[in-house]
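Enquirer: just need the structure, nothing else, for what follows:
(one chain, ligands or ions: 1)
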Amino acid sequence: MELTRISFTPKQSTSPCDILIGEGIFPEIRSSLESMIETPSSITIITDSNLKKYAKGLRKDLSKYAKTNIVSFRAGERQKSFQTAVELLSKFAALGVDRKGIVFCLGGGVVGDLGGFVSSIYKRGITYFHVPTSLLAQVDSCIGGKTGIDMDFGKNQVGTFFQPRGVFIDPNFIDSLPKVELVNGIAEMVKSSIIASKRLFERLKRSDFDSIDELKRFIADCCKIKSKIVSADEKEDNLRSILNYGHTVGHALEASSNYSLSHGRSVILGMQAEGWIAKELGIFAKEDFVQQEEMLKKFERNGDSIRPRKKELLKYALMDKKSSSGIIRMSLPEKIGKMHRTKSGNYLVPVSEKLFLGSISRL
Ligand code: GLY
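Expert: Numbers count the residues shown, from 1 in each chain. Predicted structure coming up:
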């Protein structure tokens, strides 16, 4: 099997993260583990109710190496809560997981964020790995060590930065994903290209996003882009904020729709809005803005009707983690493949409420 390996150690850290990508990767996991860590006292696989079948397959491979248990919770974004985190922590304790125990998070973004979060706080942090199963998790959320849970005051409002020791990506997981799940990942791929790679953008431009095999070929490129950014700025002091392009408006749309609007659709609309803001500010080159519009047009709305509630969106944008002192701040593109830096070197640009609301009116 052909494996792609990407390794990085964030500048501010001493702990490396190894990413392995390959179709049918499960049998490779155990031997790779042996080269990454000392033999653990136990392995706990965290997964959700839809993925137990795969967790059992992984347990079969790993149980020859160390005592392996599966803990699962009901699938769905609603489970990314304090309550589920507490339940998982209690299960760890009941299983006798100690500081030499390791965790595998097998699932999509919810499993990864929640599993990473509990790994980061259990006994002040135990080693963990991701096995992402959604395209969104494979190209974005499994890399970079952002963990978190949702609160009633917003998505991912409580969490930690805690790097996984490794990530094992099997692109075959995306074979059976529904279209909406694929679009969640494709939106992040397009974002990755706009923020960092004109070359990837040109390749994505030639794709109609209908071929699963073609989508699989973009995964490693996106992982490389994200690793490079996280490596330079793990804790989002500056550069890492570019990964949030399209997400200030995107997250606001998602939250104000009570999460009925998908993440992918929200980020596509978010890039349309934020790209327009960048153009209006004279930051985004006009011809590059047009190219972005052409790319985003490929995602037809399929009858989605969005009725943005402007005041509510403004409230969410002001609560965004990048905003501060009552000012909305966004990371904006200068051209395809390059994000803008202010004269003082900051990747975040203040955006007036008027411009923010103007961008919403266009959606
Ligand atoms: N998804 C944004 C980040 O990881 O920083």
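Enquirer: just want the residue of the stretch 201-350 of the chain that's nearest the ligand.
Expert: residue 243 (3.8 Å; Cβ to the nearest ligand atom). For glycine as for every other residue, the C-beta is placed from the backbone atoms N, C-alpha and C.
Enquirer: and the closest residue to that residue other than its chain neighbours, what is it in contact with?
Expert: Distances taken as Cβ to Cβ, 6 or more residues apart in numbering place residue 229 nearest to residue 243, at 6.1 Å, with adjacent residues excluded. The contact partners of residue 229, taken as Cβ atoms under 8 Å, 6 or more residues apart in numbering, are 144, 196, 239-240, 242-243.
Enquirer: roughly how far out does the host helix or strand of residue 229 sit from the chain middle?
Expert: For residue 229, the host element (DSSP states H and E) is helix 212-232. How far helix 212-232 lies from its chain's middle: 12 Å, per Cα atoms, centre = their mean, to the nearest Å.
Enquirer: now stretch 3-20
Expert: Centre-to-centre, stretch 3-20 and its host chain are 17 Å apart (Cα atoms, centre = their mean).
Enquirer: one more: stretch 219-238?
Expert: 11 Å.
Enquirer: for that stretch, give the mean pLDDT please.
Expert: The average pLDDT within stretch 219-238 is 97.
Enquirer: dump that stretch to PDB, keeping only the CA atoms.
Expert: Output of stretch 219-238 as PDB, limited to C-alpha atoms (Å, rounded to 0.1, in the frame of the first residue of the first chain):
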ATOM      1  CA  ILE A 219      -6.500  15.100   0.900                       C
ATOM      2  CA  ALA A 220      -2.700  15.000   1.300                       C
ATOM      3  CA  ASP A 221      -2.300  18.500  -0.200                       C
ATOM      4  CA  CYS A 222      -4.700  19.900   2.400                       C
ATOM      5  CA  CYS A 223      -3.000  18.100   5.200                       C
ATOM      6  CA  LYS A 224       0.400  19.500   4.100                       C
ATOM      7  CA  ILE A 225      -1.000  23.100   4.000                       C
ATOM      8  CA  LYS A 226      -2.600  22.800   7.400                       C
ATOM      9  CA  SER A 227       0.500  21.200   9.000                       C
ATOM     10  CA  LYS A 228       2.700  24.000   7.700                       C
ATOM     11  CA  ILE A 229       0.500  26.700   9.200                       C
ATOM     12  CA  VAL A 230       0.000  24.900  12.500                       C
ATOM     13  CA  SER A 231       3.700  24.200  12.700                       C
ATOM     14  CA  ALA A 232       4.500  27.900  12.500                       C
ATOM     15  CA  ASP A 233       1.700  29.100  14.800                       C
ATOM     16  CA  GLU A 234       0.200  26.400  16.900                       C
ATOM     17  CA  LYS A 235      -1.700  28.600  19.400                       C
ATOM     18  CA  GLU A 236      -3.200  31.000  16.800                       C
ATOM     19  CA  ASP A 237      -1.200  34.000  17.800                       C
ATOM     20  CA  ASN A 238      -1.400  35.300  14.300                       C
END
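Enquirer: so who does whatever residue of the stretch 1-150 of the chain ends up closest to the ligand touch?
Expert: Residue of the stretch 1-150 of the chain nearest the ligand, by Cβ to the nearest ligand atom: residue 144 (4.1 Å). Contact partners of residue 144, counting by Cβ under 8 Å, 6+ apart, are 163, 226, 229-230, 234, 240, 243.
Enquirer: could you redo the last one with a cut-off of 10 Å?
Expert: Contacts for residue 144 (Cβ atoms under 10 Å, 6 or more residues apart in numbering) come out as 8, 10, 17, 116, 161, 163-164, 167, 226-227, 229-231, 233-234, 236, 240, 243.
Enquirer: roughly how far is the helix or strand of the chain with the lowest mean pLDDT from the heart of the chain?
Expert: When each helix and strand of the chain is scored by mean pLDDT, DSSP states H and E, strand 154-161 comes last, with a mean of 90. Distance of strand 154-161 from the chain centroid (Cα atoms, centre = their mean) equals 13 Å.
Enquirer: who does the next helix or strand after that strand pair up with?
Expert: Counting by DSSP H and E, the element after strand 154-161 in chain order, helix or strand, is strand 166-169. Here strand 166-169 has these sheet partners by DSSP bridges: strand 17-21 (parallel), strand 128-132 (parallel).
Enquirer: can you dump the C-alpha coordinates of strand 166-169 into PDB?
Expert: The C-alpha trace of strand 166-169 is given here as PDB (Å, rounded to 0.1, in the frame of the first residue of the first chain):
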ATOM      1  CA  GLY A 166      -0.500  10.900  15.300                       C
ATOM      2  CA  VAL A 167      -3.200  10.900  12.700                       C
ATOM      3  CA  PHE A 168      -4.100   7.900  10.600                       C
ATOM      4  CA  ILE A 169      -6.200   8.800   7.500                       C
END
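Enquirer: is that strand up against the ligand anywhere?
Expert: No. Using Cβ under 6 Å from any ligand atom, strand 166-169 never reaches the ligand; the gap is at least 12.9 Å.
Enquirer: give me every residue that touches the residue positioned nearest the centre of the chain.
Expert: By Cα atoms, centre = their mean, the chain has its centre lying nearest to residue 141, at 2.2 Å. Residue 141 makes contact with 108-110, 112-113, 116, 130, 132, 134, 147-148, 184-185, 188, 226, 263 under the criterion Cβ under 10 Å, 6+ apart.
Enquirer: now it. Its backbone dihedrals?
Expert: phi -70, psi -20 (degrees, to the nearest 10).
Enquirer: quick one: pLDDT of it?
Expert: Residue 141 carries a pLDDT value of 97.
Enquirer: same check, this time on the one 10 residues further on
Expert: Each residue has a pLDDT score; the one for residue 151 is 89.
Enquirer: now for it, how many residues are close by?
Expert: Neighbour count for residue 151, taken as other Cβ atoms under 10 Å: 14.
Enquirer: thanks a lot, catch you later.
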